[in-house]
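In: Sequence first, predicted model second:
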Amino acid sequence: MTFHGAPVLSRPAIGPRPIRARSRRSGLVGALTATHFVSRAGGVARAFLVLYLTQERGLSPTTAGVVIAAVGIGDIGSQLLGGWLGDRIGRRSTMLIGFLGTAVALIALGSARTPAAICVAAAGVGLMAELFRPVGSAAVADLPARERVRAFGLLFWAANLGFTVSTVAAGVLARHGYGILFWVNAAASVLAALIVWRYVPETRPAETAATRRALLPVLLRDPVMLAMSAIHVAYFTMFLQVFSTLPLVMAADGHGPGTFGAVLALNGIVIVVVQPIAVRLLDGRDTASVLAVSMLLAGVGGGLGAVVHGGAGYAGAILVWTLGQIGVSVMFGAAFAGLAPADLRGRYMGVASSTWSLGAVLGPLLGTALLDHAGRTALWAASSATGLALFAAQRALAPALRRRTAALAGTGTIKPSSGR
C-alpha cells in the first residue's frame, strides 16, 4: 500500500511498506478518535441552549423552539455539504473549515441579541458543527474494508464518551453563567481543528479530483443505497422519538427529572462499557443480519418504554433499546462505506449521515403527536411494529447488500494520497 503517487489496487507489498502503512492508518484512526472525543466533550453549549435562550435572552419557549429548529435545519445541510466538500477539497480541509467555522458561529450565537440574529447564528452552528461527521466517515471509508468496523466503532465510542463528559461539564459550568459555555465549546472546536491540522493526513483518493461525477444521477441509479437510506431514515425516526416521548411518559407516571436523567445515564454507561466488546464480537459478522436484529431490538425496547411504569421497567426497556443502538452504530458506517464508490465516498457518507438528521427532525414530531392523540399503547405498538418491519426490510435487502459490497471490494482499495 502507498499513500502517494498514482492510485493502485490493493496488492501485497515488499519490504517494510505494509508496516508503515498500518502505522499511518492507525495514526489516522487515533487522530479522528481524538477529534470526535474533544468535539463532543466540549459541546457544552448545545445541551443548555434552551435554558440559555429562555432564561438569559428572555425568549419565549416557542421562539426558543424556532432557534433549535434552525440548528436542526443547519445540521441537515451540514451532512450534505460536508460530504460534497470532502470529495471536492479533501477530508482534512473540510474538517478544518467545520471546526474553525463552529468556533466562529458559537461566539456569534453567544453574542447575538435579537431573535433574527440568534436564529442566523444558530443555523450557522448547525451547518458548521457537523461538517466533520461525513468527512470523518469518508476518511474511515478510505481505509481497507477489513479495518472499517473497528474504526467506526471506535469513533462512535469516543463520541459517546465525549457526550457523557459534556453533559456533566455543562451542568458544572452553567453555575457560572451560560456565556462561558459558548467560549468553552468554541475552544474545544479550535482544539479539534489543531488535532486535525497536526495529525490527520489527507485520505481522499487521488483520482477523485479528476472524476467529478455528480452525486444525484449516480444515487438515483443505485437502488441498494436508496433502500438503505430509506430504512435508516425510518430507523432513526423510530429510535430518536424516544428522547422526546420517554420523559413525557415517565412524568405521567410520577417520575421526576432525576429519574429520567438516571435512565439516560444508564444508556451512556452501557454504550461506554459494552460497545468496545460489541465491536470485537460483531466484526466479521454479516452486516445485514446484525442491522436487522439491532433494529428489531431498538423498536421493541423503545416500545416497552411506553408501557412500563416502574424504574426497573424503564431501565430494562432502555437496556434493550441501547443494545439495538449499539448494534446499528457498530455496523452503520461500514455498511454505507461498503456501498460508496471511491470518487463519491464523501457524498455517500453525507447522505448516510443525513438519515440521522432527518430522523432527529421527524422522530420528535411523529412520536409526540402519536403519544398525544393515540396514547401510550399506540406508541408501543407503532414502535414495536416498526422494529419488526425494519427487521424484515433489512433481511430482504441482505442479498443485494452482500453482492454490492463484494463487487466493490473486488475492484480493489484505492490508496489515499499523502498530501496535507
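Out: Right, received. Where do you want to start? Residues are numbered from 1 along each chain as shown.

In: List the buried residues in the longest helix seen in the chain.
Out: Determined from DSSP state H, the single longest helix within the chain is helix 376-410. Using 16 or more other CB atoms under 10 Å as the burial criterion, the residues of helix 376-410 that qualify are 376, 379-380, 382-384, 386-387, 389-391, 393-394, 397-398, 401, 404-405, 408. For every residue, glycine as well, the C-beta is placed using N, CA and C.

In: repeat for stretch 252-260
Out: His255, Thr259, Phe260.

In: Sort out which of these are in helices and list them.
Out: Reading helices off the buried residues of stretch 252-260 with DSSP H, I get Thr259, Phe260.

In: Which helix or strand contains Leu319?
Out: Secondary structure assignment for Leu319, by DSSP states H and E: helix 311-337.

In: Quick one: work out the angle between that helix and helix 376-410.
Out: 30 degrees (axes from the mean of the first three to the mean of the last three CA atoms, to 10 degrees).

In: And helix 311-337, how far out from the chain middle?
Out: 13 Å (CA atoms, centre = their mean, to the nearest Å).

In: Check stretch 57-75 too.
Out: 21 Å.

In: buried sites along it?
Out: For stretch 57-75, by 16+ other CB under 10 Å, it's Arg57, Leu59, Thr63, Ala64, Val67, Ile68, Ala70, Val71, Gly72, Ile73, Gly74, Asp75.

In: Distance to Thr35, secondary structure and pLDDT for these - can I get that in JSON lines?
Out: Listed next are the buried residues of stretch 57-75 as JSON lines, based on distance: CB to CB, whole Å; DSSP: H, G, I helix; E, B strand; the rest coil; pLDDT from 0 to 100:
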{"residue": "Arg57", "distance to Thr35": "30", "secondary structure": "coil", "pLDDT": "86"}
{"residue": "Leu59", "distance to Thr35": "32", "secondary structure": "coil", "pLDDT": "82"}
{"residue": "Thr63", "distance to Thr35": "33", "secondary structure": "helix", "pLDDT": "82"}
{"residue": "Ala64", "distance to Thr35": "30", "secondary structure": "helix", "pLDDT": "79"}
{"residue": "Val67", "distance to Thr35": "27", "secondary structure": "helix", "pLDDT": "84"}
{"residue": "Ile68", "distance to Thr35": "25", "secondary structure": "helix", "pLDDT": "78"}
{"residue": "Ala70", "distance to Thr35": "25", "secondary structure": "helix", "pLDDT": "84"}
{"residue": "Val71", "distance to Thr35": "21", "secondary structure": "helix", "pLDDT": "84"}
{"residue": "Gly72", "distance to Thr35": "23", "secondary structure": "helix", "pLDDT": "80"}
{"residue": "Ile73", "distance to Thr35": "24", "secondary structure": "helix", "pLDDT": "84"}
{"residue": "Gly74", "distance to Thr35": "20", "secondary structure": "helix", "pLDDT": "87"}
{"residue": "Asp75", "distance to Thr35": "18", "secondary structure": "helix", "pLDDT": "85"}
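
In: Show the low-confidence segments of the stretch 301-420 of the chain, by residue range.
Out: 408-420 (pLDDT under 70).

In: residues of stretch 227-242 that come out buried?
Out: 227-229, 231-242.

In: from those residues, which two are the most distant?
Out: Ala227 and Val242 (24.3 Å; CB to CB).

In: those strands in the stretch 151-300 of the chain, which residues are they?
Out: Shown for the stretch 151-300 of the chain, no strands are assigned by DSSP state E, counting those that start in this stretch.

In: one step back: so which of the buried residues of stretch 252-260 comes closest to Ala103?
Out: So of the buried residues of stretch 252-260, ranked by how close each gets to Ala103 (CB to CB), first place is Phe260, at 31.6 Å.

In: The closest one contacts Thr245, correct?
Out: No - judged on CB atoms under 8 Å, Phe260 makes no contact with Thr245 at a distance of 11.6 Å.

In: neighbours of the residue lying closest to Ala188 once chain neighbours are set aside, just the number please.
Out: Spatially, and ignoring its direct neighbours in sequence, Ala188 is nearest to Gly42 (2.1 Å; CB to CB, 6 or more residues apart in numbering). Close neighbours of Gly42, defined as other CB atoms under 10 Å, add up to 25.
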